[in-house]
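Novice: need the 3D shape of this:
(one chain, ligands or ions: 1)
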Amino acid sequence: MILTTSLFHLLQQRFADQLSLITCSKATLVHISHTLEDLVLRQKLPALLLTGFQESSHWRKETERYRALAEIAHQVCVFAGRPLPQDGPASQLFIPLAEGDPLRQEWFVIILCGEFSVLLCGQDNLAPAPEESLRQFSTLLTFQPEQILPVLDILEGVIAAYRPETLAQFQAARRRFPPSAPNPALISRFTTDLLAYEERLQGYLRTSLDELQQVHQQLQQAQARQIALGVERARVTMLEQFVGDASHDLRTPITNLQSSLYLLRHAKTASERERYLSKLDGLAQHMQTLVESLLDMSALDQAQTLTLQPLQLSELLGNLAEDISLTLQERQQRLQVRLPGAPALILGHSNHLARAILNILHNASRYSLPHTTVTLSLVIQGNNACITIQDEGIGIAQEDQPRIFERFFRVDQARSMASGGTGLGLAITQKIIQIHGGQIEVSSAPGEGATFYITLPLAPQR
Ligand code: ADP
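Specialist: Numbering: from 1, shown residues only. Alright, predicted model coming up:
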């Protein structure tokens, strides 16, 4: 007889909802099979054992186990794979299946002994799996003789078809071990074994999880170290660049200082001496500004954060407008101030913020001609305070706009130095605004003035 359906489907058709089905991996299926076989092995229970594997390789891997079982039980092995070696203990009993036989997709174990009868049957779901042990099987497990009986009849038909010479031997074994109701003690042992396995598995999973977490932590630490190293390297490179630029910018006024000193020493008239003295005064002032700016820059680099206090921005801007108005008047420039009536409370550092905004106001004046207007305004937009400083000066070309915030970048060095510039003002300003959680942007066109926009977050409302 050649089967037309698998054992699993046949049982499903006949016993429908009486069967409890689960989907389990091949690893679990192997484990349940072992637990059942161990019941026979441990108590040396005489039994009829029928096993069906997709591959004879499983039998080969477990040779010792089947050799031990063969000493106790009458074994019938149904294989889909290659035949067993001739000298194996079950070599007389195996049944090689034909291509296309539905049994080829199944894994089953039937144990019949005086103490219990059991059938474990798994049907391969034939879904791709990352590894063999994780292949999924629809599985049923039954201890009920009436469900085991029809399977035995079918297997007898299979033996009659494939190995008729062993049929009589099998029928004799069947008569000796008719399916019987299970001994409750053995069922308890089986359940306990499975529970112990479940516990071991959980323990193993916990350890694996702990190990995984440790590895994850180590990875995170390594990553943090890498990032810190990268940041440090970038800092060092920036510092080297900064020191290089700074020494260049210090050297220029020192050279000028030396030549002015030389000229002073050799001056012949009082007015000549006066001229060089005033030049020296200017140079000394420039160097003082430069050194102060360098110190500010490095202090801000070190600090990264500042202690911020609640601050009324309109008040601060009003005071700054007063401070700068005299300078603008001297240069015959006009200042227009538009501040809102409503308070604009931010969290800020008043000295640093004042320094940042004054830098831009001074630039607006320095890079503009007399009879022009500088406008300072503040508006509240959503959760932000937006400060705008607009001038009618020489403007900045599109390509230079992103660079003006770089340390020591100047569009026109001579012009910048002539008005006491150090090339550090906007870099310091941007740093301060960023520390306040804000942003600074510029929009400009040559000859059409420049507008600087500063956005600062308002203090959270209580
Ligand atoms: P500096 O001390 O040279 O003014 P800053 O960092 O303050 O240095 O500004 C960098 C450069 O950006 C200046 O040298 C100048 O070329 C340009 N710049 C800044 N503000 C203005 C402005 N309002 N109008 C035109 N150019 C400006």
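Novice: only C-alpha atoms from now on, for both contacts and neighbour counts.
Specialist: OK.
Novice: which non-adjacent residue is nearest residue 72?
Specialist: residue 46 (5.6 Å; C-alpha to C-alpha, 6 or more residues apart in numbering).
Novice: give me the phi and psi for the closest residue to the ligand within the stretch 101-250 of the chain.
Specialist: In the stretch 101-250 of the chain, the residue that lies nearest the ligand is residue 249 (11.3 Å; C-alpha to the nearest ligand atom). When read as degrees, to the nearest 10, the backbone of residue 249 gives phi -70, psi -20.
Novice: residues contacting it?
Specialist: residue 422 (C-alpha atoms under 8 Å, 6 or more residues apart in numbering).
Novice: separation between it and residue 260?
Specialist: Counting by C-alpha to C-alpha, to the nearest Å, the separation of residue 249 from residue 260 is 17 Å.
Novice: now do residue 438
Specialist: Residue 438 is 43 Å from residue 260, by C-alpha to C-alpha.
Novice: likewise residue 312?
Specialist: Counting by C-alpha to C-alpha, the separation of residue 312 from residue 260 is 47 Å.
Novice: which of these two has more residues huddled nearby?
Specialist: Between residue 312 and residue 260, counted using other C-alpha atoms under 10 Å, the more crowded position is residue 260 (20 against 16).
Novice: which of the helices or strands spans the more buried one?
Specialist: Per DSSP states H and E: residue 260 is located in helix 184-265.
Novice: chain center to that helix: distance?
Specialist: In terms of C-alpha atoms, centre = their mean, to the nearest Å, the centre of helix 184-265 is set 14 Å apart from its chain centre.
Novice: swap in stretch 450-459?
Specialist: So, by C-alpha atoms, centre = their mean, the centroid of stretch 450-459 is 34 Å from its chain's centroid.
Novice: now what about that stretch, what contacts it?
Specialist: 310, 344-347, 360, 364, 383-396, 433, 436-444.
Novice: avg pLDDT for that stretch?
Specialist: Average pLDDT, stretch 450-459: 96.
Novice: which parts of the chain belong to which domain?
Specialist: The chain resolves into domains spanning 7-182, 203-303, 309-457 when parsed by automatic domain parsing.
Novice: residue 451 belongs to a strand, doesn't it?
Specialist: Yes: counting by DSSP: H, G, I helix; E, B strand; the rest coil, residue 451 is part of a strand.
Novice: with adjacent residues omitted, what lies nearest to it?
Specialist: residue 390 (4.3 Å).
Novice: narrow the contacts of stretch 450-459 to just the buried residues.
Specialist: 344-347, 360, 364, 384-396, 433, 436, 438-440, 442, 444 (16 or more other C-alpha atoms under 10 Å).
Novice: which of these are close to the ligand?
Specialist: 364, 393, 394, 395, 396 (C-alpha under 6 Å from any ligand atom).
Novice: helix or strand for the residue in the stretch 251-400 of the chain positioned nearest to the ligand, just tell me which one.
Specialist: Here the stretch 251-400 of the chain gets closest to the ligand at one residue, residue 364, 4.0 Å apart by C-alpha to the nearest ligand atom. Assigned by DSSP H and E, residue 364 falls within helix 350-366.
Novice: what do you get for residue 160?
Specialist: helix 145-162.
Novice: pull out the buried residues from that helix.
Specialist: 145, 147-148, 151-152, 154-162.
Novice: return it as PDB; C-alpha atoms alone will do.
Specialist: Taking C-alpha atoms only, helix 145-162 is exported to PDB below (Å, rounded to 0.1, in the frame of the first residue of the first chain):
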ATOM      1  CA  PRO A 145      -5.000   4.300  22.200                       C
ATOM      2  CA  GLU A 146      -8.000   5.000  19.900                       C
ATOM      3  CA  GLN A 147      -6.000   7.700  18.100                       C
ATOM      4  CA  ILE A 148      -2.800   5.600  17.900                       C
ATOM      5  CA  LEU A 149      -4.600   2.500  16.500                       C
ATOM      6  CA  PRO A 150      -5.400   3.800  13.000                       C
ATOM      7  CA  VAL A 151      -1.800   5.100  12.700                       C
ATOM      8  CA  LEU A 152      -0.500   1.600  13.500                       C
ATOM      9  CA  ASP A 153      -2.800   0.200  10.800                       C
ATOM     10  CA  ILE A 154      -1.500   2.600   8.200                       C
ATOM     11  CA  LEU A 155       2.100   1.800   9.200                       C
ATOM     12  CA  GLU A 156       1.400  -1.900   8.900                       C
ATOM     13  CA  GLY A 157       0.300  -1.100   5.300                       C
ATOM     14  CA  VAL A 158       3.500   0.800   4.700                       C
ATOM     15  CA  ILE A 159       5.600  -2.200   6.000                       C
ATOM     16  CA  ALA A 160       3.500  -4.600   3.800                       C
ATOM     17  CA  ALA A 161       4.200  -2.400   0.800                       C
ATOM     18  CA  TYR A 162       7.900  -1.600   1.300                       C
END
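Novice: roughly how far apart are the residue nearest to residue 345 when sequence neighbours are not counted and residue 385?
Specialist: Distance criterion C-alpha to C-alpha, 6+ apart; nearest residue to residue 345, sequence neighbours excluded, is residue 312 at 4.8 Å. Using C-alpha to C-alpha, residue 312 is found at 11 Å from residue 385.
Novice: need the overlap of contacts for these two.
Specialist: Counting by C-alpha under 8 Å, 6+ apart, the contacts common to residue 312 and residue 385 are 344, 346.
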